[in-house]
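Peer 1: My questions are about this predicted structure, shown below with the sequence.
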Protein chains: 2
Amino acid sequence: MTTELRVGVAGLGTVGASLLHLLETRSSALAARCGRSVRVSAVSARDRTRDRGADLSAMAWFDDPVALAGSPDIDVFVELIGGDNGPAEDSVRAALATGKSVVTANKALLAKHGVELARLAEENKVSLSYEAAVAGGIPVIKTMRESLAGNEIDRVYGILNGTCNYILTRMEQDGLDFSDCLADAQRLGYAEADPTFDIEGNDTAHKLAILTSLAFGSQINSEKIYLEGISSITRADIEAASELGYRIKLLGVAQRTDSGIEQRVHPTMVPKASAIARIDGVLNAVAIDGDAVGEVVLVGPGAGGSATASAVLGDIVDVARGLSVPTLGMPAHELAPYKAARMRMHEGGYYIRLAVYDRSGAFAEIARIMADEGISLESIVQRDRTRTHTEAETHGDAPQPVILTTYETTEAAVKRALGTITARNVVAGTPQMIRIEKLR
Amino acid sequence: MTTELRVGVAGLGTVGASLLHLLETRSSALAARCGRSVRVSAVSARDRTRDRGADLSAMAWFDDPVALAGSPDIDVFVELIGGDNGPAEDSVRAALATGKSVVTANKALLAKHGVELARLAEENKVSLSYEAAVAGGIPVIKTMRESLAGNEIDRVYGILNGTCNYILTRMEQDGLDFSDCLADAQRLGYAEADPTFDIEGNDTAHKLAILTSLAFGSQINSEKIYLEGISSITRADIEAASELGYRIKLLGVAQRTDSGIEQRVHPTMVPKASAIARIDGVLNAVAIDGDAVGEVVLVGPGAGGSATASAVLGDIVDVARGLSVPTLGMPAHELAPYKAARMRMHEGGYYIRLAVYDRSGAFAEIARIMADEGISLESIVQRDRTRTHTEAETHGDAPQPVILTTYETTEAAVKRALGTITARNVVAGTPQMIRIEKLR
């Protein structure tokens, strides 16, 4: 363990450049902490000429990341290419197959091929580390895989996408519409030109797929995750949430239930007093409910070159120190296939916003339909009743917003009730429905 | 690594009993996660007959924990005795000297003998783990020692004592006096019969001493920590803090400054919007400012048998998996002696509460004394001016509370100014002074 650790880095974008910088400026501190020096010996990226603020002259250059991964001149391979196939997948496989530990920030790759790659790492007696893949700089993987290894996890949930959280925070704080906040996020570099992957929850789902496996010792299957993004959230919802004592956050939630493991990504009403409600802007947070520890909440930067590089470097230090933990917390063959709970079985409170034709009896009809499905209403408010009478009159027959909240019920009952309400022609458009999460 | 890990546990109080319970009920999950079975083979405690809710019949009993620690029939020694000398120290030394890894929850022992014990562990090529010693179930040791190993830490601070946080929270939420809240804390089992160690900050200082070493790669010296407890905090301070937009928390803070490393434990004004201000009741929280990651905040239960046992078990899992990290993050001989910054050099804002004799000119005199010391006042408020005139008149010559807050200045200047003010006989009693912490 006294020999130098030679690091090969594939992908020199923001994270890669930050990593090179850290490894250069910290070399003596890292040597003290690892008991050996850690040096980038080779790199691979698309463009050799781009200035990355780091001196690459002492590093071997590979045009092909797969060739870098298989090179005998590196001891650990760092994959920062991205994507769940192509060069990212090929190079990770090549590195593991040739007996090198791998450090990656690639959530998509793990979500798709995690169990298989874990098996490959085991067969070759090397480690596959991916702290940076979930919640950036927050040490959630190590916490779940190591610190809380003695706990039975009941639920893990979190704000795992900074773009969505930034948009929802701005909508609330500045009273803006979704589209304006998205445009701002794009202008500030928090959102991609094509933001679909973030705002529709796919990115959160990839991260949740990994956390689910760690929490429940199960295989990974991001296809089983119920997915609903934030693009349908309006200012009216944000305002109503606030009046009801909630904030709206895009949560990823994995939870053990009687009917299987629930995995869901959707806009969620969380009580204002909860820790998770107070996570603003691009920050991420993960809460882990363990039977022994209670609830542990980890908060920090979920993205950004430097914070992500911090997590990658933490994994490299583990490799340098000779620490190796099974990729998903236990041997790959022991990871159990799991029964995914159907979303219709989900139990919880619901917020429902309807545009009701202001006809006499509409309220009563809605309440009766809810009662017929066994749904207890916690509140029902016609929001615009606070307007002056004159204003209300000018609306004529225009539909009026009505906000309902329910006590704990099932998703199936709510869906049936909303179907009936829509069919009865007492409401305009599609009802809005947001789940309320029960938190400590 | 396929052989069983035999655990010896010394000390079977609340934490020890929880640990036995977890190890028994989790044995198959732990075996899967560790790749080997983990079993308590021997225990030691004062009273052999007490019912601990666990079957001890298959475990060897030792009256003497030192004999247990030295026994060849255990592979890892868990010290839950407590205290910085006597059987706790002797047994930990005996275990390390006979080549066994040690897991302990003993902050006092680490704060006093940490570096020496780290050296002993290294010499014997075993590990000394102590996740449970700081902030109970929160994985702060692993986070600092491993996850953030690539960061240069600028500051680490936190709420590290649940008793104090419970008292301060109750004082604020219920408008109670310190002594009433302390009595409640004792009744609920959150505070010892002799609470001095908690409320005067010694417990926080032990934990901070350990965090300081991890943050700065320095030796441990809890004697160098500036210490001030919460017993002087009054309802008047809590209320004034709230009006000024702050909460009062007992923080432990270790910070790199130009004049050395500051280590201080004292009641602190923190902005209401900060993450740390929102930690209520017996919860603990630790914030770590790293140059690469930014700020990471970890929140969770800082005490309690089950949460503490969760942390102890996490350390045992590390041992079972064959993971070993230098006790304090780097080899003991590389831990640097450090220059402790003198408290007089501390820079920050200050809150000052004075009981001013309501004489004309007193305000002006106080303001002039402050100005003479180069202290800029941010606000100065005579709190009881809101009373009715009649009420004020009945006070006659009684001293009136005046609250000052300052912009950033030095502790030395504030102390000098308060000395002058006291000497001039314009105030009654001793001025109250609470530091304001600059937070993100």
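Peer 2: Perfect, I can see it now.

Peer 1: In the stretch 1-150 of chain A, what residue lies closest to chain B?
Peer 2: Ranked by C-beta to the nearest C-beta, the top residue of the stretch 1-150 of chain A for proximity to chain B is residue A:150, at 3.2 Å. Placement of C-beta: from N, CA and C, glycine included.

Peer 1: In terms of helix, strand or coil, where does that residue fall?
Peer 2: Taken by DSSP: H, G, I helix; E, B strand; the rest coil, the conformation at residue A:150 corresponds to coil.

Peer 1: Surely it touches residue B:25?
Peer 2: No: judged on C-beta atoms under 8 Å, residue A:150 makes no contact with residue B:25 at a distance of 10.1 Å.

Peer 1: where does the stretch 101-250 of chain A come near chain B, residue by residue?
Peer 2: A:131, A:137-139, A:142-143, A:146-152, A:217 (C-beta under 8 Å from any C-beta of the partner chain).

Peer 1: Pick out the most distant pair among those residues.
Peer 2: The span of these, defined through C-beta to C-beta, is set by A:137 and A:152 at 27.2 Å.

Peer 1: higher neighbour count, those two?
Peer 2: More crowded of residue A:137 and residue A:152, by other C-beta atoms under 10 Å in any protein chain shown: residue A:137, with 31 against 17.

Peer 1: so what's the more buried one up against?
Peer 2: Residue A:137 makes contact with A:300, A:301, A:302, A:304, A:307, A:308, A:310, A:311, B:292, B:293, B:294, B:296, according to C-beta atoms under 8 Å, 6 or more residues apart in numbering or on different chains.

Peer 1: ok, the helix or strand where the first one lies near chain B or not?
Peer 2: For residue A:300, the enclosing helix or strand under DSSP states H and E is strand A:294-301. Yes: for strand A:294-301 and chain B, the contact criterion (C-beta under 8 Å from any C-beta) is met by A:294, A:295, A:296, A:297, A:298, A:299, A:300, A:301.

Peer 1: now the angle from the helix or strand following that strand to strand A:294-301?
Peer 2: For strand A:294-301, the following helix or strand on the C-terminal side (DSSP H and E) is helix A:305-320. If you take axes from the mean of the first three to the mean of the last three C-alpha atoms, to 10 degrees, helix A:305-320 sits at 120 degrees to strand A:294-301.

Peer 1: circling back to that earlier point, I'd like the contacts of residue A:137 as a markdown table, with neighbour count appended.
Peer 2: Formatted as a markdown table, the contacts of residue A:137 follow (neighbours: other C-beta atoms under 10 Å in any protein chain shown):
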| residue | neighbour count |
| --- | --- |
| A:300 | 28 |
| A:301 | 24 |
| A:302 | 27 |
| A:304 | 21 |
| A:307 | 26 |
| A:308 | 27 |
| A:310 | 33 |
| A:311 | 34 |
| B:292 | 27 |
| B:293 | 29 |
| B:294 | 19 |
| B:296 | 26 |
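
Peer 1: so what are the domain limits for chain A?
Peer 2: A:5-133, A:140-301, A:346-436 (automatic domain parsing).

Peer 1: wait, which of those is closest to residue B:241?
Peer 2: Of all the domains of chain A, domain A:140-301 sits nearest to residue B:241, with 19.2 Å by C-beta to C-beta.

Peer 1: can you give me the end-to-end distance of that closest one?
Peer 2: Using C-alpha to C-alpha, to the nearest Å, one end of domain A:140-301 lies 12 Å from the other.

Peer 1: Following element in sequence after the helix or strand bottoming out on mean pLDDT in chain A, please.
Peer 2: Lowest by mean pLDDT, DSSP states H and E among the helices and strands of chain A is helix A:389-395, with a mean of 48. For helix A:389-395, the following helix or strand on the C-terminal side (DSSP H and E) is strand A:400-406.

Peer 1: Who are the packing partners of that next one?
Peer 2: Secondary-structure packing of strand A:400-406 (3 or more C-beta pairs under 8 Å, 6 or more residues apart in numbering or on different chains; DSSP states H and E): strand A:347-356, helix A:362-372, strand A:377-382.

Peer 1: Tell me where the stretch 201-350 of chain A has helices.
Peer 2: According to DSSP state H, counting those that start in this stretch, the stretch 201-350 of chain A carries its helices in the segments A:202-216, A:235-243, A:305-320.

Peer 1: Rebuild these as TSV, extending it with mean pLDDT.
Peer 2: As requested, these are exported to TSV (pLDDT from 0 to 100):
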stretch	mean pLDDT
helix A:202-216	98
helix A:235-243	96
helix A:305-320	98
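
Peer 1: Among those, which comes closest to residue B:14?
Peer 2: Of all these, helix A:202-216 sits nearest to residue B:14, with 26.5 Å by C-beta to C-beta.

Peer 1: For the closest one, enumerate the helices and strands it packs against.
Peer 2: On a contact count with 3+ C-beta pairs under 8 Å, 6+ apart, helix A:202-216 meets helix A:107-123, helix A:140-142, strand A:153-159, strand A:246-257, strand A:260-271.

Peer 1: most tightly surrounded among these?
Peer 2: Among these, the stretch with the highest mean neighbour count (mean count of other C-beta atoms under 10 Å in any protein chain shown) is helix A:140-142, at a mean of 27.

Peer 1: Which residues does it contact?
Peer 2: A:129-131, A:133-134, A:158, A:210-211, A:214, A:286, A:288, A:298, A:314, B:139, B:142-143, B:146-147.

Peer 1: now that helix, how far from the chain's geometric center?
Peer 2: Remark: helix A:140-142 is offset 14 Å from the chain centroid, using C-alpha atoms, centre = their mean, to the nearest Å.

Peer 1: hmm, back to that, which one of the helices and strands packed on strand A:400-406 is the most hemmed in?
Peer 2: Per residue and on average, the most neighbours among the helices and strands packed on strand A:400-406 fall to strand A:347-356, with a mean of 21 (mean count of other C-beta under 10 Å).

Peer 1: Specify the angle between it and helix A:362-372 in degrees.
Peer 2: Put simply, strand A:347-356 runs at 160 degrees to helix A:362-372, going by the same axes, to 10 degrees.
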